[in-house]
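Engineer: Have a look at this prediction, sequence included:
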Amino acid sequence: MKIGILEAGRPPAGLIDAYGDYRAMFRDLLAGALPEAEFVDFAAIDGHLPRSLDEADGWLITGSAYSVYDPDPWIGALKKRVREAIDRGQPVFGICFGHQLVAEVMGGKVQKAEQGWGVGVHDYAVAETASWMTDAKPGETLSTLVSHQDQVTAPPPGAAVLASNDFCPYAMLQILPNVASLQSHPEMPAAYCRDLYEVRRERIGDARVDEALASLEKPIHAARVADWIARFFRERLG
């Protein structure tokens, strides 16, 4: 099983040495849950995309400080390649920016959230379960780390909303049998988020950063989400 990581963003320069880039974070997240996978990297942010979709069996799209509606050429090229993979029937899983990108590509809408920055540990209610959400039950709480200004404000036609809260009503989606996505960041360690929020304190605002930092003491379900992502790919790729 070969999973292509489409790198759409990077941590601030001062944090990469301490925590690695997003590709490394995803490898760490999925190492135990999906040990049979081989990961191949494509720096989409630099305009490097797979020449052929045969270069991987499935695709994972990372987060980014960019917006999916930005006019940068690499974003348009990434959207085109992702749509081709989806139409081909390959499994695609999007995280944060990736969540927003697949939603927009499939007919949804993405905007800056009127609520402002989402940071810290957010609790979502599971609204509906997919086959790959091992042992999940509607109504239970999913707690994960977030860092986003944009969010999906209208899901694609026919998409199932798997998890939501008042701040982010479309936090996890099953868009097609081969396409799913998540607004939050299971790959990010809490220590990284602590430093990231401090780096962005001026942009986010003191009150919201302080609230986010306090929330980092709460337990999160990163390992459980890693199992879900692993099962998503395993069900579709065997």
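Structural biologist: Structure received.
Engineer: contacting residues for residue 11?
Structural biologist: Residues near residue 11 by C-beta atoms under 8 Å, 6 or more residues apart in numbering: 19, 21-22, 192, 196. Where you see a C-beta, it was placed from the backbone N, CA and C, and this is true even at glycine.
Engineer: On the three-state scheme, it is what?
Structural biologist: coil (DSSP: H, G, I helix; E, B strand; the rest coil).
Engineer: Give the buried residues for the lowest-mean-pLDDT helix or strand in the chain.
Structural biologist: Across the helices and strands of the chain, mean pLDDT, DSSP states H and E gives its lowest value to helix 13-19, namely a mean of 94. Buried positions in helix 13-19, judged by neighbour count with 16 or more other C-beta atoms under 10 Å: 15, 19.
Engineer: Moving C-terminal from that helix, which element do we reach first?
Structural biologist: The first helix or strand that comes after helix 13-19 along the chain, using DSSP states H and E, is helix 22-30.
Engineer: pull the CA atoms of that next one into PDB?
Structural biologist: Extracted in PDB, the C-alpha atoms of helix 22-30 (Å, rounded to 0.1, in the frame of the first residue of the first chain):
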ATOM      1  CA  TYR A  22       3.800  17.900   8.400                       C
ATOM      2  CA  ARG A  23       5.000  14.900   6.400                       C
ATOM      3  CA  ALA A  24       7.000  13.700   9.400                       C
ATOM      4  CA  MET A  25       4.000  14.300  11.700                       C
ATOM      5  CA  PHE A  26       1.800  12.200   9.600                       C
ATOM      6  CA  ARG A  27       4.300   9.400   9.400                       C
ATOM      7  CA  ASP A  28       4.600   9.500  13.200                       C
ATOM      8  CA  LEU A  29       0.800   9.500  13.600                       C
ATOM      9  CA  LEU A  30       0.200   6.600  11.300                       C
END
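Engineer: Could I get the buried residue list for that helix?
Structural biologist: 22-27, 29-30.
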